[in-house]
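Asks: below are the sequence and a predicted model for it; my questions follow.
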Amino acid sequence: LPGAGGHVAVSPDSRFAAIVHPDLRSVSIVNLGERRLIATLSIDGTPMGVIFDRTSRELFISDSGAGRLFVVSMSSPSLVKAIEGLSASGHMVTSPDGMVLYAVNDITGTIDIVSLKTRKYLSTLAAGGEIHGIDISPDGETIYAADYGNDRVVAINISTSQRRTTAVQPAPYHLTTLSDTRQLIVTSAEQNVMWSISVPDMTLIGSYGLEGIVDQVPEVESNGK
């Protein structure tokens, strides 16, 4: 790679990985099957979050400087377009049906909702605090957000905006919903620990010591092994 990486995303079909280089204002795309760097895209902004759509056909990159979303077609990964008029600056997640993208503004504590069909802003969810990691429930009804500024994890019903919170400290950072266990896994930005929270009741059920501060936590299917 051309330099140190930040956030990483793997396409749902496991063919590609995208690695953000914030200091170099660029994003690298790797063919995982061939272990080959296929493109390093210069970004007119400050790339931060990165995510593939559910079909693995497009890559989305958030610009923490201007709040834009850059869209890269995987059929022609040198082509970059931008969705303007947003406040996106960090993590993103797509709805289970692949029709909607949710993008965090980590300073304002808001989450932009964007239609992937029209490429237009739809509305904003107010999460509160300083939001870092987000994820979505398997049924697409609830957004979970790690509020590291207020030491809590927030669950927001997308339709009603109703919220539930769970206190965890210090500094909840990244989170991942586990599809079959009705749990959230949450890491800390300040200590060697991660937590387990049951959903939908948002009860803290476990705390696990780690050997370092963990950033991203992916879920991988075990295929019964």
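Replies: Received it, and whenever you're ready, just let me know what you need. Numbering: from 1, shown residues only.
Asks: quick check: Val30 vs Ile38, distance?
Replies: Here the distance between Val30 and Ile38 works out to 7 Å (Cβ to Cβ, to the nearest Å). C-beta here means a position set from N, CA and C on the backbone, and glycine is covered the same way.
Asks: oh, I was asking about Ser179
Replies: Ser179 is 30 Å from Ile38, by Cβ to Cβ.
Asks: ok, now Met99?
Replies: 28 Å.
Asks: how about Ser89?
Replies: For Ser89, the distance to Ile38 equals 27 Å [Cβ to Cβ].
Asks: for the helix or strand bottoming out on mean pLDDT in the chain, C-alpha coordinates in CSV please.
Replies: Here the helix or strand of the chain ranked lowest by mean pLDDT, DSSP states H and E is strand 80-83, holding a mean of 86. Taking C-alpha atoms only, strand 80-83 is exported to CSV below (Å, rounded to 0.1, in the frame of the first residue of the first chain):
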residue,chain,number,x,y,z
VAL,A,80,-15.3,9.1,-8.4
LYS,A,81,-18.5,11.0,-8.1
ALA,A,82,-19.8,13.0,-5.1
ILE,A,83,-23.1,13.4,-3.3
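Asks: what residues does that strand touch?
Replies: Residues from elsewhere that reach strand 80-83 (Cβ atoms under 8 Å, 6 or more residues apart in numbering): Leu41, Ile43, Asp63, Arg68, Leu69, Phe70, Val71, Val72, Val114, Arg119, Lys120, Tyr121.
Asks: so the second one is in contact with Phe70, correct?
Replies: Yes. Between Ile43 and Phe70 a contact is recorded at 6.3 Å, counting by Cβ atoms under 8 Å.
Asks: using the three-state scheme, assign the nearest residue in space to Gly49 that is not next to it in sequence.
Replies: Nearest residue to Gly49, sequence neighbours excluded (Cβ to Cβ, 6 or more residues apart in numbering): Ser62, at 4.0 Å. For Ser62, the assignment made with DSSP: H, G, I helix; E, B strand; the rest coil gives strand.
Asks: pull out the buried members of the contacts of strand 80-83.
Replies: Leu41, Ile43, Asp63, Arg68, Leu69, Phe70, Val71, Val72, Val114, Tyr121 (16 or more other Cβ atoms under 10 Å).
Asks: got a list of what the second one touches?
Replies: So the one you mean is Ile43. Here Ile43 is in contact with Arg25, Ser26, Val27, Ile61, Asp63, Phe70, Val80 (Cβ under 8 Å, 6+ apart).
Asks: if I look at it, how far off is Val80?
Replies: On the measure of Cβ to Cβ, Ile43 and Val80 end up 7 Å apart.
Asks: again, but for the third one
Replies: Counting by Cβ to Cβ, the separation of Asp63 from Val80 is 11 Å.
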